[in-house]
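> Structure here, sequence nowhere to be found:
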């Protein structure tokens with residue numbers, strides 16, 4: 001059973017409950033939702049959902065009719081749909097180009113995110129300044145960002161291709177540029193070395209399946225290519241352990257393609273470009289990539305602050 005938390009004033013809670021009920025009635029117990037169809041209804045105000053509308057706050061007609069002003073309706077611009085994981089830019093008010101959010105996830109996740117954006121307490125329309133979690137607003141702007149970098153070993157690189165690389169990031173939600181201390185950096189360095197740096201560097205067995213984990217309150221929105229559901233969970237837990245965050249199964253999603261051989265062929269072949277044979281790009285290539293480096297990015301400093309660098313090419317932070 002899904003548990004939903006509501007916060008705010010009595011009026012805020014009332015609106016959130018009404019919207020949650022409406023969403024449940026529209027989606028029911030479906031496990032697969034077509035996001036485009038849902039969003040067309042969302043931006044116009046669910047015009048076909050007429051039962052009991054006159055009794056609530058989201059009426060179809062009248063002076064305060066919901067979505068009556070077409071210029072103020074929400075807008076979503078999709079960037080990609082990667083095997084069911086949709087990524088794009090969302091505006092609560094299409095007339096206000098300056099306020100938008102990047103959203104990413106399955107259709108069900110996007111719907112939940114959008115509804116929370118619309119009804120979070122005291123949002124004030126300031127979508128561009130913050131991101132959110134259920135029932136409240138969580139500031140992410142200005143929080144330090146930690147990066148963990150993996151790269152394929154030179155001897156494993158397929159001839160004719162660049163090395164496979166992955167860069168994972170997370171926000172340090174309990175820190176700011178000014179509150180982050182040298183002691184904090186030393187602590188992160190020790191944890192990362194213990195988790196990823198031993199034995200020559202942790203090997204991430206990249207695959208063709210998508211493991212995703214969203215916990216914005218703690219600074220995580222992970223999307224990892226893995227070979228099994230168990231591998232994905234184990235890797236996510238390691239990233240969470242950097243900040244001592246507990247793993248929650250309800251935030252973990254796993255997606256595998258039903259025709260992976262044709263969707264993401266291991267050898268896509270080649271093509272002739274300007275008289276030369278060129279290998280076609282690979283999508284989701286299988287590879288073993290090794291932990292190489294970790295650094296923190298601060299808004300007030302241009303250069304990254306390196307905590308670990310296995311290559312020795314970058315200067316490491318020290319006391």
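Great, that's in hand. Because the structure is predicted, anything quoted here is derived from the model rather than measured. Residues are numbered from 1 along each chain as shown.

> which residue ranges form the helices in the stretch 201-319 of the chain?
Assigned by DSSP state H, counting those that start in this stretch, the stretch 201-319 of the chain shows helices spanning 229-241, 260-263.

> Quick check: phi and psi on residue 285?
Here is the backbone geometry of residue 285 (degrees, to the nearest 10): phi -70, psi 140.

> Revised request: answer the last question for residue 152.
phi -70, psi 140.

> and it, bridged to which residues?
Beta bridges link residue 152 to residue 289, judged by DSSP bridges.

> OK, contacts around it?
163, 164, 165, 287, 288, 289, 290 (CB atoms under 8 Å, 6 or more residues apart in numbering). Just so you know, the C-beta spots here come from the backbone N, C-alpha and C atoms, and that holds for glycine as well.

> Need the winner for burial among the helices of the stretch 201-319 of the chain.
Comparing those by mean neighbour count (mean count of other CB atoms under 10 Å), helix 229-241 ranks first with a mean of 17.

> same question for that helix, mean pLDDT?
Across helix 229-241, pLDDT averages out at 97.

> one step back: distance to residue 276 added to the helices of the stretch 201-319 of the chain, as a markdown table?
Shown next, in a markdown table, are those (distance: least, CB to CB, whole Å):
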| stretch | distance to residue 276 |
| --- | --- |
| helix 229-241 | 38 |
| helix 260-263 | 27 |
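
> Give me the distance between stretch 79-93 and the centre of its chain.
10 Å (CA atoms, centre = their mean, to the nearest Å).

> for stretch 244-255, same thing?
On the basis of CA atoms, centre = their mean, stretch 244-255 sits 13 Å off its chain's mean C-alpha point.

> One more: stretch 178-189?
25 Å.

> Show the average pLDDT along it.
The average pLDDT within stretch 178-189 is 94.

> Stretch 87-95 now?
Computed over stretch 87-95, the average pLDDT equals 86.

> Quick one: neighbours of the closest residue to residue 287 other than its chain neighbours, just the number.
Distances taken as CB to CB, 6 or more residues apart in numbering put residue 164 closest to residue 287, at 4.0 Å, once the chain neighbours are dropped. By other CB atoms under 10 Å, the residues close to residue 164 number 22.

> next one: the one 3 residues further on
Other residues near residue 167 come to 11 when the count uses other CB under 10 Å.

> Over to the one 5 residues further on?
Residue neighbour count, defined by other CB under 10 Å, stands at 19 for residue 172.

> before we move on, what about residue 142?
Number of residues near residue 142 (other CB under 10 Å) recorded here: 14.

> Go ahead and confirm it touches residue 175.
No. The criterion here is CB atoms under 8 Å, and residue 142 misses it with residue 175 at 9.8 Å.

> Tell me which two in the contacts of residue 152 are the farthest apart.
Across those, the longest distance by CB to CB is 12.5 Å; it joins 165 and 288.

> any chance you could map the strands in the stretch 201-319 of the chain?
In the stretch 201-319 of the chain, the strands defined using DSSP state E, counting those that start in this stretch lie at 203-206, 209-215, 220-226, 252-255, 270-273, 276-279, 287-297, 305-309.

> mind listing what's buried in stretch 65-78?
66, 67, 73, 74, 75, 76 (16 or more other CB atoms under 10 Å).

> circling back: put together CSV for the contacts of residue 152, with distance to residue 215 and pLDDT on each row.
Below are those laid out as CSV (distance: CB to CB, whole Å; pLDDT from 0 to 100):
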residue, distance to residue 215, pLDDT
163, 30, 92
164, 26, 92
165, 24, 92
287, 27, 93
288, 27, 95
289, 24, 96
290, 26, 96
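
> Nearest to residue 188 among those?
Taking the contacts of residue 152 together and measuring to residue 188 by CB to CB, the closest member is residue 290, at 19.7 Å.

> Excluding sequence neighbours, find me the nearest residue to the closest one.
Nearest non-adjacent residue to residue 290, counting by CB to CB, 6+ apart: residue 201, 4.3 Å away.

> Flag the shaky bits of the stretch 101-250 of the chain, pLDDT-wise.
Low-confidence segments of the stretch 101-250 of the chain (pLDDT under 70): 119-141.

> ok, residue 53 - how many residues close by?
A count of nearby residues for residue 53, using other CB under 10 Å, gives 18.

> pretty sure it contacts residue 67?
No. Applying CB under 8 Å as the test, residue 53 and residue 67 come out as separate, 11.9 Å apart.
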